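[1] Sequence isn't available, so here's the structure alone:
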DNA sequence: GAGTCAAGTCATCGATTGATGACTTGGACC
DNA sequence: GGTCCAAGTCATCAATCGATGACTTGACTC
């Protein structure tokens, strides 16, 4: 998208520029709709460098699609009990900070026609979302409850990043948080939150 | 996928076979990952007939992706109040009956990197889901509430059809219905349902 | 300044894509 | 059986794709 300025010879910077451009393109269009020439043009770099530095388009995609190395937050660290809130923040995060592009999961979603991407999507959801939520449930249908809440977070991501639904796209975390906490309480079987959405006081 | 048996010359049957094959392929892999040769091979037909009968790959996709002409159910007919339940059934429906393939929305989701497909996805969600649900809300945040429930239905579809989350993929409507009704009641502000999910009696 | 090695460039490959148009063939009609 | 038109076939186009390898250029050391 944004042509990068001329750099002096710097492999690390070139790799980073390619990775950023790849993330932006892949999260906006998916694997098939993105060509290595597009990515290289955005990075202001020759397309051949992609293969020199990353080996193949597929390996570049894997590097661009994994969120594990995201330096700013990992979905499974920090406190113990505010897991749902952290997952909501992750679902609401629009793009990697400091770069254009869509939600990190969008790259996998848009490319989930490819079996490898579908596997990676499934693995990432299972590890980051379902497993973390399951720990909070001590009722029948543990897995189903966790997956239902995961589906909601996934749907919020899709609605904001792909479908671009108007109200959800412009909402911030605080707008959704009260609804989210009540629904999470229902699905996980945890006690209802104190704060209530604007439809009168919560039932005692 | 399944090679069709030899037909006598029959344009209507050939068009139908192409449309069925296109639906199956597009809902499983999206627009870019599906070639006209794939579709024609599945239909047992020469690829050139696609352009003769549908004009272009894009127009075939539009025909295959629209659910309006689905003869068996339109999302906005029938009774007045069980709209959420009908939408849940629509989200849980795996594929067009009588043919392989994924959920009808999956074709649009997988192809939403293309601007036209994103528009069509947005329009379909707005019309079939958000607008119908909005009518049921008489509280602040009408649109947001409707979109939040839409996002959940969308997420259920994605989890089942693309991510293939285990518990949700094997669940049927009756498994999810009790949770769905309680969450829908929370989001829409309607009275809580009588039947409760298996975590003890519902709060009065 | 010569030498060296990595960073970056360039031409080009084979495969596949969507699409076109001339061609052949089947079957209904008189 | 001859005619005719639509259904279906075939060869092929231009464009684009991912990928390769030989080449040039910059920056650093001695």
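    Perfect, I can see it now. Not measured: the values here are computed from a predicted model.
[2] Mark out where each domain of chain A begins and ends.
    Following automatic domain parsing, one gets these domains for chain A: A:11-65, A:83-188.
[3] looking at those domains, which has the lowest confidence?
    Comparing mean pLDDT over these, the weakest stretch is domain A:83-188, at a mean of 92.
[4] how long is that one end to end?
    End-to-end distance of domain A:83-188 (Cα to Cα, to the nearest Å): 12 Å.
[5] Name the next helix or strand downstream of the helix ranked longest in chain A, please.
    For chain A, the longest helix by residue count, based on DSSP state H, is helix A:11-29. Per DSSP states H and E, the first helix or strand lying C-terminal to helix A:11-29 is helix A:36-43.
[6] is that next one anywhere near DNA strand C?
    No - against DNA strand C, helix A:36-43 shows no contacts by Cβ under 7 Å from any atom of the strand, the least distance being 8.2 Å. To be clear about C-beta, it is placed using only N, CA and C from the backbone, and glycine gets the same treatment.
[7] and that helix, what does it pack onto?
    Judged by 3 or more Cβ pairs under 8 Å, 6 or more residues apart in numbering or on different chains; DSSP states H and E, helix A:36-43 is in contact with helix A:11-29, helix A:48-54, helix A:57-65.
[8] I'd like to know which of these lies nearest to chain B.
    helix A:11-29 (3.6 Å; Cβ to the nearest Cβ).
[9] Is any residue of the closest one near DNA strand D?
    No - on the criterion Cβ under 7 Å from any atom of the strand, helix A:11-29 is out of touch with DNA strand D, staying 10.0 Å away.
[10] Dump the domains of chain A to a markdown table, plus mean neighbour count.
    Listed next are those as a markdown table, based on neighbours: other Cβ atoms under 10 Å in any protein chain shown:
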| stretch | mean neighbour count |
| --- | --- |
| domain A:11-65 | 19 |
| domain A:83-188 | 21 |
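[11] Chain A against DNA strand D: which residues are in contact?
    Looking at DNA strand D, the residues of chain A close enough under Cβ under 7 Å from any atom of the strand are A:8-9, A:34-38, A:47-48, A:51, A:56-58.
[12] Tell me which stretches of chain A form helices.
    Counting by DSSP H, the helices of chain A are A:11-29, A:36-43, A:48-54, A:57-65, A:83-92, A:104-110, A:115-125, A:131-134, A:142-158, A:166-170, A:173-188.
[13] So for residue B:28, which of the ones you listed sits nearest?
    Smallest distance to residue B:28 across the helices of chain A (Cβ to Cβ): 10.1 Å, for helix A:115-125.
[14] so the closest one versus helix A:142-158, what angle?
    Going by axes from the mean of the first three to the mean of the last three Cα atoms, to 10 degrees, helix A:115-125 is angled at 110 degrees with respect to helix A:142-158.
[15] tell me what helix A:115-125 is packed against?
    Counting contacts by 3+ Cβ pairs under 8 Å, 6+ apart, helix A:115-125 is packed against helix A:57-65, helix A:104-110.
[16] rerun at 6 Å
    Helix A:115-125 is packed against helix A:104-110, with contacts defined by 3 or more Cβ pairs under 6 Å, 6 or more residues apart in numbering or on different chains; DSSP states H and E.
[17] wait, does the helix it packs on contact chain B?
    Yes - using Cβ under 6 Å from any Cβ of the partner chain, helix A:104-110 reaches chain B at residue A:110.
[18] thinking again about what came up before, columns distance to residue B:139 on top of the domains of chain A, output as JSON lines?
    Below are the domains of chain A laid out as JSON lines (distance: least, Cβ to Cβ, whole Å):
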{"stretch": "domain A:11-65", "distance to residue B:139": "34"}
{"stretch": "domain A:83-188", "distance to residue B:139": "11"}
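[19] Select, out of those domains, the one closest to residue B:91.
    The nearest among the domains of chain A, by Cβ to Cβ, is domain A:83-188 at 9.6 Å.
[20] Work out the gap between that closest one and the centre of the chain.
    In this view, domain A:83-188 has its centroid 8 Å away from the chain centroid, taken as Cα atoms, centre = their mean, to the nearest Å.
[21] Adding distance to chain B, write the helices and strands packed on helix A:36-43 out as a markdown table.
    As requested, these are exported to a markdown table (distance: least, Cβ to the nearest Cβ, whole Å):
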| stretch | distance to chain B |
| --- | --- |
| helix A:11-29 | 4 |
| helix A:48-54 | 19 |
| helix A:57-65 | 14 |
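[22] could I get the ones you listed as TSV with distance to residue A:170?
    Putting these into TSV (distance: least, Cβ to Cβ, whole Å) gives the following:
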stretch	distance to residue A:170
helix A:11-29	19
helix A:48-54	35
helix A:57-65	26
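[23] Which residue, neighbours along the chain excluded, lies closest to residue A:22?
    Using Cβ to Cβ, 6 or more residues apart in numbering or on different chains and skipping the chain neighbours, the partner closest in space to residue A:22 is residue A:64 (4.2 Å).
[24] can you tell me which residues contact the one you found?
    Applying Cβ atoms under 6 Å, 6 or more residues apart in numbering or on different chains, we find residue A:64 in contact with A:22-23, A:26.
[25] I figured residue A:144 hits residue B:167, correct?
    Yes - between residue A:144 and residue B:167 there is a contact under Cβ atoms under 6 Å: 4.5 Å.
[26] what inclination does the longest helix of chain A have with respect to helix A:57-65?
    Going by the same axes, to 10 degrees, helix A:11-29 makes 90 degrees with helix A:57-65.
[27] same for helix A:11-29, what does it pack against?
    Using 3+ Cβ pairs under 6 Å, 6+ apart, helix A:11-29 sits against helix A:36-43, helix A:57-65, helix A:104-110.
[28] would you list those helices in a markdown table and tack on distance to residue A:176?
    Converted to a markdown table, the helices and strands packed on helix A:11-29 look like this (distance: least, Cβ to Cβ, whole Å):
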| stretch | distance to residue A:176 |
| --- | --- |
| helix A:36-43 | 32 |
| helix A:57-65 | 25 |
| helix A:104-110 | 17 |
